[in-house]
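[1] Need a 3D model of the following:
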Amino acid sequence: MQSFDTKNSDSAHVNLTRQPLALGRVEDFPLGSCQTVELPEGLELGIYNIDGEFHAISNFCPHKGAPLSEGILCGHVIECGLHGWQFDVRTGKCLTVSESIERYEVFVEDGVLKVRV
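    Just a heads-up that it's a prediction; the model follows:
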């Protein structure tokens, strides 16, 4: 799991909702990978690289809070390892029940993967 510490930064009190955060180099997220990234203030995301297309969603299943990035990825669908709920990583929509999880914009800039939270 990667984490980002802004506690010792002057920008720690800046509203991060508009500023993209660097997650790492694109090569740190290989094809087919599901990785967990912990952002400031405890926000935890699942980052998925599917055929070179990156997706970021909340990492916790709304059913029992299991980390989704530890589940089974099949195409664009991540299945929670705890009880089998399935989510489309492109939209955050649950395919099993009428639930959704937060989806975040991710993009590549100069070889660095960034997320807008």
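[2] where does this protein dip in pLDDT?
    Along the chain, the parts satisfying pLDDT under 70 run over 1-18.
[3] mind running it again at 90?
    The chain contains residues with pLDDT under 90 at 1-19, 40-42, 117.
[4] Can you show me the strands along it?
    2-3, 21-25, 34-38, 44-50, 53-58, 72-74, 77-79, 86-88, 103-109, 112-116 (DSSP state E).
[5] can you tell which of those is closest to residue 94?
    For those, the distance to residue 94 is smallest for strand 86-88, at 5.4 Å, taking Cβ to Cβ. The C-beta positions use only the backbone N, C-alpha and C, and glycine is treated the same way.
[6] Residue 31 is in contact with residue 49, correct?
    Yes. At 5.6 Å, residue 49 counts as touching residue 31 under the criterion of Cβ atoms under 8 Å.
[7] residues contacting the nearest residue to residue 99 once chain neighbours are set aside?
    Spatial nearest neighbour of residue 99, chain neighbours left out: residue 62 (5.0 Å); criterion: Cβ to Cβ, 6 or more residues apart in numbering. Residue 62 sits next to 85, 94, 99, 101 when contact means Cβ atoms under 8 Å, 6 or more residues apart in numbering.
[8] Same question for residue 25.
    Going by Cβ under 8 Å, 6+ apart, residue 25 touches 111-113.
[9] Residue 20 is in contact with residue 108, isn't it?
    No. Counting by Cβ under 8 Å, residue 20 stays clear of residue 108, with 10.9 Å between them.
[10] Tell me which of those two has more neighbours.
    Ranked by neighbour count (other Cβ atoms under 10 Å), residue 20 and residue 108 place residue 20 first, with 16 against 13.
[11] What separation do you get for that one and residue 27?
    As judged by Cβ to Cβ, to the nearest Å, residue 20 and residue 27 stand 19 Å apart.
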